[in-house]
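> okay, sequence plus prediction incoming.
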Amino acid sequence: MFHTHWRITPMRAKIAAVASVIAIAASAPMALAGTTPNFVENFRLTDQERKAHELFYYADAPAIVLMATSLDSKEAKKSAQALQALKEKYADQGVVFYMISPVEGNQRAEAREMLASANVDVPVLLDERQLVAESLAFDRTGEALVINPKTGFTVAYAGPVSSEADLTSTIEALVAGEDVAPKMVEADYKEKLELPNYEPAKFSEISYTDDVAPILVDKCGACHAEGGIAPWELSSYEKVFGFAPMIREVIRTDRMPPYFPDPHIGNFENNDELTDEEARTIVHWIEAGSPRGEGPDPLLEADLEVQDWPLGEPDYIVEVDAFDIPATGILEYEYPVIENELEEGKWIRATHVRPGSMRGVHHVTSGYIQDYKKSAAVEEDSIEGKLPGGSVGSYTPGQNPQEFPAGVGTYLSPDGAYRFSMHYTTFGKEETDKTQVGLYFHDEEPEYIMRSSVIGDSNFEIPAGDDDYYVKSYLKFPADAEIYVLYPHAHYRGKHVELTMQKPDGTEEKLISLPRYDFNWQRDYNPVEPIQVPAGSRLIAEWWYDNSERNFANPDFTANVTPGDQTHEEMMYFRVNYRWLDEMVQNVTQHSETMMKDRLFASLDDSVDDMLQKEEIIGQRNVWLAKGFDKYDANDDGLLDRAEFQIAQKDRPADPRFGNREGVNEFGDIEEGAGKKDKPNADMTSLETKSTSGAGVQ
């Protein structure tokens, strides 16, 4: 749901019109094997650099050229160079060029090697499921299609990329806005591409009972259940049959299931992604007409129903203050503070936030104030007095209950209070939210403390219309640690995010990549095995943003966008939950405080060289530092080191966006153990209030 007026423009109206044409055309018979389609259906694929590309994103382009290719032949290199020549001739006129390679497994390195050897920069879309190549009848290297988006993505040319005269005349006519009759050019192709999984004659043999329904139950049942967040239930074959065309579309566009990490980077729990084989099974079954076949209907027996408490009845339930959500309007954040009624300290091992209004609760974050009641029960110099506050749970659509690793916990003192950040959105109807938070406790005191820190940047400004704006920041870990949770967050313009660990010896390890970030589907990503972080390592977060008109989720592509808590603003944010290996409940360290004091410096150090150059000092809140750079450069080397930067911070002017800054860091986070009794005000939460542990905003 957008938080500002969504701008309807001629281009966006055109996109909507094209989408309706495609929706009608999608009901037409599908192309037979080896037959060039009359129009091209939408798809999304990832290229050799881990960037996602969607066909319909280019609805305003005069023409789109797709070419089939292998990755390791002379013919592939020759065809790629021919396509490159066309790109150099027409790219400035808005024509879009891609190669598509039907591959099996991760062949990005091979694609990069082929492009480098051919001196070509046309992206290679790697079709690992081969569903797109099948639908395009792309089975020969050098075979090209020219697509006309203005007429419903119809095919204006099909033939070899080597037929320069035919290709050129078609492209020039489309660029000129002329009507173009489809042109099919036959050729004797030298290299055939294998599509080993494309056997249409066998598609009707796929069993709904044995093959399709079990996949749907396993990968889709949690949301498409009675009372689930999905708009329809997986209740029967008939329901699936009715939604079959949509199911095929969301698989081809990689929108469903809503699990978006790159499958070749990291290994995470709760992986709902379809395997390549599962995706082909469902799509091929649908392309065969979704036959019912023999056997019982597994959906009738699956008993798909959302459980109130998937982890079982909680040990304790926190009742968040009820809130009346109006039908319309933009709502400020609510910050209810609820005193802990437990008479003894407890250690959390798991949490589950359950919204009362599934439509009105946008997200929930939380923290715990250890000394809220300031009684004599906890002495400041005691072990309990040194323990940081921590998150008591968070919620976003699709979020699972949060379980801590064995032996790790967050402490709740009997003198404390729960503090929540509630983000509500209106949806055209009044409704009252009564969110509950289920807490599950350790039976005994755990050994380790769960920590949470945020890699962030609040210095950027995304220019209007920029479709690939880049922001980078990092945290430098002063001690050995292991990471349990990765959580990236941006708003509607966030499109791609990666996290990399740079070790002290200079080697790098990619920890996670989301080729396509979707604001509406955010979640924690829990590595199957904790990520080991050696002391001195940097965790480098990189975000790419799309502030263009083509980004259909963009609330206002005419605005320069700065950081802020509302979704029409932006965030560069990446939370990690971890523990220090040398920190135990009986030995609380200052490692987190040391690391977080360096975060503003790191957010400016784009070159990641432990020095700040003058051109790296950007952002409205750093104008004073840019102007006084030479004054703070004590050794006149044209750089600011950490010591010089810290001295300069004494002159930092108050930031009106943060109000009372006590207990609040430069990103608007309430620090671990801040212990603020008073709830934060709106001015203090420029980048969305996180939690007392910096546990993250969803």
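Sure, I can see it.

> just the helices in the stretch 451-600 of the chain please.
Under the criterion DSSP state H, counting those that start in this stretch, the stretch 451-600 of the chain contains helices at 591-597, 599-604.

> after the last one, next one along is what?
If you walk from helix 599-604 toward the C-terminus, the next helix or strand you reach (DSSP states H and E) is strand 612-613.

> tell me the phi and psi of residue 420?
phi -120, psi 150 (degrees, to the nearest 10).

> who does it form a beta bridge with?
residue 366 (DSSP bridges).

> that one is in contact with residue 319, isn't it?
No: look at residue 420 against residue 319 with C-beta atoms under 8 Å: they stay out of range, at 11.0 Å. Placement of C-beta: from N, CA and C, glycine included.

> who has more neighbours out of those two?
Ranked by neighbour count (other C-beta atoms under 10 Å), residue 420 and residue 319 place residue 420 first, with 26 against 12.

> okay, the more buried one: pLDDT?
For residue 420, the model assigns a pLDDT of 90.

> which residues in the stretch 301-450 of the chain form strands?
316-319, 323-325, 337-339, 346-354, 361-369, 402-403, 408-412, 417-424, 431-433, 436-441, 448-449 (DSSP state E, counting those that start in this stretch).

> one more: the stretch 1-150 of the chain?
44-47, 52-54, 64-68, 96-102, 124-127, 143-148.

> what is the fourth one packed up against?
Where contact means 3 or more C-beta pairs under 8 Å, 6 or more residues apart in numbering; DSSP states H and E, strand 96-102 is packed against strand 64-68, helix 74-90, strand 124-127, helix 131-136.

> quick one: these as JSON lines, columns for mean pLDDT too.
Below are these laid out as JSON lines (pLDDT from 0 to 100):
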{"stretch": "strand 64-68", "mean pLDDT": "98"}
{"stretch": "helix 74-90", "mean pLDDT": "97"}
{"stretch": "strand 124-127", "mean pLDDT": "98"}
{"stretch": "helix 131-136", "mean pLDDT": "97"}
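
> in a markdown table: those, plus mean neighbour count.
Supplementary listing: the helices and strands packed on strand 96-102 in a markdown table, determined by neighbours: other C-beta atoms under 10 Å:
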| stretch | mean neighbour count |
| --- | --- |
| strand 64-68 | 25 |
| helix 74-90 | 19 |
| strand 124-127 | 25 |
| helix 131-136 | 22 |
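
> with distance to residue 242 added, can I get these in JSON lines?
Shown next, in JSON lines, are the helices and strands packed on strand 96-102 (distance: least, C-beta to C-beta, whole Å):
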{"stretch": "strand 64-68", "distance to residue 242": "31"}
{"stretch": "helix 74-90", "distance to residue 242": "41"}
{"stretch": "strand 124-127", "distance to residue 242": "28"}
{"stretch": "helix 131-136", "distance to residue 242": "22"}
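
> looking at the ones you listed, which is closest to residue 515?
strand 124-127 (10.8 Å; C-beta to C-beta).

> convert the C-alpha atoms of the closest one to PDB, please.
Provided in PDB are the C-alpha atoms of strand 124-127 (Å, rounded to 0.1, in the frame of the first residue of the first chain):
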ATOM      1  CA  VAL A 124      23.200 -12.700 -20.500                       C
ATOM      2  CA  LEU A 125      20.000 -13.800 -18.900                       C
ATOM      3  CA  LEU A 126      20.600 -17.300 -17.500                       C
ATOM      4  CA  ASP A 127      17.500 -19.400 -17.900                       C
END
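
> can you tell which of the strands of the stretch 1-150 of the chain is closest to residue 230?
Taking these one by one with C-beta to C-beta, strand 44-47 is closest: 20.1 Å.

> the strands of the stretch 301-450 of the chain: lowest mean pLDDT?
strand 361-369 (a mean of 86).

> between it and strand 436-441, how many degrees?
Inter-element angle recorded for strand 361-369 and strand 436-441: 40 degrees (by axes from the mean of the first three to the mean of the last three C-alpha atoms, to 10 degrees).

> highest mean neighbour count out of the helices of the stretch 451-600 of the chain?
helix 599-604 (a mean of 23; mean count of other C-beta atoms under 10 Å).

> hang on, the earlier thing: joint contacts of residue 420 and residue 319?
residue 338 (C-beta atoms under 8 Å, 6 or more residues apart in numbering).

> next, the distance between the ends of stretch 289-306.
30 Å (C-alpha to C-alpha, to the nearest Å).

> can you list contacts of it?
204, 206-210, 213-214, 216-217, 221-222, 224-228, 233-237, 239-241, 244, 285.

> put the buried members of the residues you listed into a ChimeraX selection.
Applying 16 or more other C-beta atoms under 10 Å to the contacts of stretch 289-306, the buried members can be selected in ChimeraX as follows:
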select :206,207,208,209,213,214,216,217,221,222,224,225,228,233,234,235,237,240,241,244,285
